[in-house]
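1. Show me how the following folds:
(chains A and B)
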Amino acid sequence: MKKERTYLEQVHVDGAIWNYTMAGVFLLFPLILCILFNAVPDWNGLIKGLIATLPMYWAVGIIEVITYVPMLGAGGSYLSFVTGNISNLKLPCALEVLENSGYKSNSEEGEIISTISIAVSSIVTVIIIVIGVILLVPLEPVLNTPALQPAFDQLLPALFGALGVVFISKNWKIAIAPIILMLILFIAIPALNSGTVGIMVPVSALFTIGVSRIMYKKGLLAEKNNKETKTEE
Amino acid sequence: MEFSVNHWIIYLIVALIICAVTAQAVFFMIRALKRAKKINMPKEKIKKAILSSVIFTIAPAISIIVCVMTLSHSLGIPLPWYRLSVVGSLSYETIAAQNALSGMGMTLGSGTALNASQFVTILLVMTISIMAGMLLVPLIGKKLQKGMISLGNKDKNWRDIFQNSLFIGMISAFLGFVFCDFSAVFSGGTWALVPVLVMLSSAVMMLICGLLRSITKWRWINDYALPISMIFGMAMAIPLTSWLGTMPVAQAVTAVACLF
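-> Numbers count the residues shown, from 1 in each chain, chains lettered A, B, ... in the order given. Have a look, this model is predicted:
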C-alpha cells in the first residue's frame, strides 16, 4: 500500500512542480515574443550579457538558497524564490508574523504561519503593483515628488531598525559579535554597499553561527534556552 | 506586428504570467489554511497572521512601484512590472539589463528606442541569470530542511540557537549596511547620518510600541508595531534629509530601497 505523504512532504512535491513549471513559463515568455514579433535574440549581446551577469547572480542565488531556506520554511521558500523581494519584504514579513504568533519557525505550526504570511504578502504585493501600474501616469508625479523620495530611499534602514529591536533584544548575547563585525566591515571597506549586502548576509550568518557555537559549548547560552525548553514542556 | 516596449500583447502576456505566480501563492495559502484547520490551530492566530502580513507589505510594495517607474523610462512599463513582480529587484534587473545592452553596444537610459531583438535579449539575460534560486530550492530545499530537523533531534537547544543565529546574522548584515557610507561623515558628509538616524528613529518607535504594549496590555499593538515603526522611520527620513542633505549620487540611493 502506498504510504500517505505528510504535509511537509506534499509541500516539497507541489513546490517542485510549481517552481519548475514557473521556470518554464518564464523561459517561454521571450520565445513567444520572438515568434510574435518575428525577432531573434542578438546572440552576441546575449552571450556577452550572460557572461557578465550569470556567474555572479548564480553564485549569489546558491548562497541565498542555503541561507534563506532554513529561515523561510518549505512552503515559504518555494514561494519566495518565485515571487522575489526576499530580504526586503518576504523574509522580514514572515519573521515578524512568526514572532507575534509565538510559534517556533521549525515547528509545523511555524511552517504553516510562515507559508500563509509569505503567500499573503505575495498576493498583496501583486495587487498593489497592479494598482500602481494602472495608476502609473497619475501616480508618477505623487510618488516621484522630491519631498517623498527620501522616505522610499530609507526603507531598509527603517525596516531593519525596527526588526533589529525585536530580535536583538531577545538574543542580545548572540547579536553583539556579528553587529560589531558588520559595523567594522561596512564602515572600513568602501566596496561594501547596497550591491554587496546580499553577499554579506551568509558571511554574517556563518560568523554568528560560529560564535554562537563557541558560546554554547562554553555554557554561555544554555541557561536561556533551557528555560525556553522547560516552558515548552 | 510592429514592436513597441509598451505593446498591448506584452502587457497581456505579463498579466497572464503574474496571474500564474499569484495562483501559486493562492495554492500554497489554501494548502496551509487547510492544514492549520486540520491540526486545530486557533483561527484567531491565523487571522492575525493574515492581517499583519497585509499591513506589513503595503509600504515595501509601494517602494516597488517606485522601482517600476524608475526602470520604465528605459524599458517600458510591462517589462519592469513583470520583473519586479516575480523574482527580481531593481538592482538585479538594472545590472542585468545594462550588461545585456552593453553586450549590444548600447547603454541603459540612453533614450534609444529598443527593437524586438534587443528587448528579447535583455529579457533572456534577466530571466536566465536570476533562475538559480527557483531551480535550486526543489533540488536542495528538502535536504536543508531535513538537516534542520536532524539537528533538532540531536540537540534541541542548539537547533533553536542555530535558527536564531541565522536571523541575527541576516539582521546584523543589514544593520552594518546602514553604516556603509558612515565614513563620509568624517569628511563633512552629514548626509551619511540619515540612514543611521532613520534606523534609530524606527528602533525607538519600536521600543515605544513595546513599552505601550506592556503598560496598557493592548496585545493588538504587537500586530502593528513593525509597520508603524517602519513608516515612522521612513517619514523621519524626510525632515532628516532636508536637514542633513542627500547623497551626491542620487541614483545609487534609489537602488538601495529596492535591493533584492
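
2. For the rest of this, base every contact and every neighbour count on C-alpha atoms.
-> Noted.

3. Kindly list the single helix or strand of chain B that scores lowest on mean pLDDT.
-> One helix or strand of chain B scores below all others by mean pLDDT, DSSP states H and E: helix B:250-257, with a mean of 45.

4. which residue is nearest the middle of chain A?
-> Closest to where the C-alpha atoms of chain A average out (Cα atoms, centre = their mean) is residue A:86, at 2.7 Å.

5. That residue contacts residue A:80, correct?
-> Yes: contact criterion Cα atoms under 8 Å: residue A:86 and residue A:80 qualify, at 6.1 Å.

6. The stretch 151-260 of chain B: helices as residue ranges?
-> B:156-178, B:193-216, B:221-244, B:250-257 (DSSP state H, counting those that start in this stretch).

7. Among the ones you listed, which comes closest to residue B:52?
-> Closest to residue B:52 of these, according to Cα to Cα: helix B:221-244, at 5.5 Å.

8. for residue A:124, helix, strand, or coil?
-> Secondary structure state of residue A:124, per DSSP: H, G, I helix; E, B strand; the rest coil, is helix.

9. any idea which element residue B:14 lies in?
-> Using DSSP states H and E, residue B:14 sits in helix B:8-38.

10. What residues of whatever helix or strand comes next after that helix count as buried?
-> Where DSSP H and E defines the elements, the next helix or strand beyond helix B:8-38 is helix B:43-75. Using 16 or more other Cα atoms under 10 Å in any protein chain shown as the test for burial, helix B:43-75 gives B:46, B:48-72, B:74-75.

11. measure the residue of the stretch 1-150 of chain B found nearest chain A to residue B:40 for me?
-> Closest contact between the stretch 1-150 of chain B and chain A, by Cα to the nearest Cα, is at residue B:87 (3.5 Å). According to Cα to Cα, to the nearest Å, residue B:87 stands 33 Å off from residue B:40.

12. Of those two, which one has the most company?
-> Neighbour count, other Cα atoms under 10 Å in any protein chain shown: between residue B:87 and residue B:40, residue B:87 has more, with 23 against 10.

13. Return the residues in contact with residue 148.
-> You didn't pick a chain, so chain A it is. residue B:238 (Cα atoms under 8 Å, 6 or more residues apart in numbering or on different chains).

14. not what I meant, chain B
-> Residue B:148 makes contacts with A:70, A:106, B:159, as judged by Cα under 8 Å, 6+ apart.

15. and if you look at residue B:246?
-> Residue B:246 is in contact with B:191, B:192, counting by Cα under 8 Å, 6+ apart.

16. Report the separation between it and residue A:7.
-> 50 Å.

17. got it, and residue B:215?
-> 40 Å.

18. Can you give me the pLDDT of the residue nearest to the residue of the stretch 1-150 of chain B closest to chain A when sequence neighbours are not counted?
-> Computed as Cα to Cα, 6 or more residues apart in numbering or on different chains, the closest residue to residue B:87 that is not its neighbour in sequence is residue A:84, at 3.5 Å. According to the prediction, residue A:84 has pLDDT 88.

19. And chain A, is the helix holding residue B:14 touching that?
-> Yes: judged by Cα under 8 Å from any Cα of the partner chain, helix B:8-38 and chain A are in contact via B:10, B:13, B:17-18, B:20-22, B:24-26, B:28-29, B:32-33, B:35-36.

20. Tell me how many other residues surround the residue of the stretch 151-260 of chain B found nearest chain A.
-> Going by Cα to the nearest Cα, chain A is nearest to residue B:169 of the stretch 151-260 of chain B, at 3.9 Å. Using other Cα under 10 Å, residue B:169 has 29 neighbouring residues.

21. ok, it - contacts?
-> A:175, A:178, A:201, A:202, A:204, A:205, A:206, A:207, A:208, A:209.

22. Mind checking which of the residues you listed land in helices?
-> A:175, A:178, A:201, A:202, A:204, A:205, A:206, A:207, A:208, A:209 (DSSP state H).

23. which of these are buried?
-> A:175, A:178, A:201, A:202, A:204, A:205, A:206, A:207, A:208, A:209.

24. What confidence value was assigned to the residue lying closest to the fifth one once chain neighbours are set aside?
-> Read that as residue A:204. Sequence neighbours aside, residue B:169 is the residue nearest to residue A:204 in space, at 4.7 Å (criterion: Cα to Cα, 6+ apart). Residue B:169 is assigned a pLDDT of 90 by the prediction.

25. For the chain, give me the ranges with low pLDDT.
-> You didn't pick a chain, so chain A it is. In the predicted model of chain A, residues A:1-2, A:195, A:222-233 satisfy pLDDT under 70.

26. nope, chain B please
-> Along chain B, segments meeting pLDDT under 70 span B:90-91, B:109-111, B:249-260.

27. Which segments of it make up each domain?
-> Chain B breaks down into these domains under automatic domain parsing: B:8-130, B:180-260.

28. now do the same end-to-end measure for the first one.
-> As for domain B:8-130, its first-to-last residue distance stands at 26 Å under the measure Cα to Cα.

29. cool, stretch B:181-194 as well?
-> 10 Å.

30. list the buried ones in that stretch?
-> B:181, B:182, B:183, B:184, B:189, B:190, B:191, B:192, B:193, B:194.

31. Nearest residue to the fourth one in space, please, no chain neighbours.
-> In space, not counting the residues next to it along the chain, residue B:184 is nearest to residue B:192; the distance is 6.2 Å by Cα to Cα, 6+ apart.
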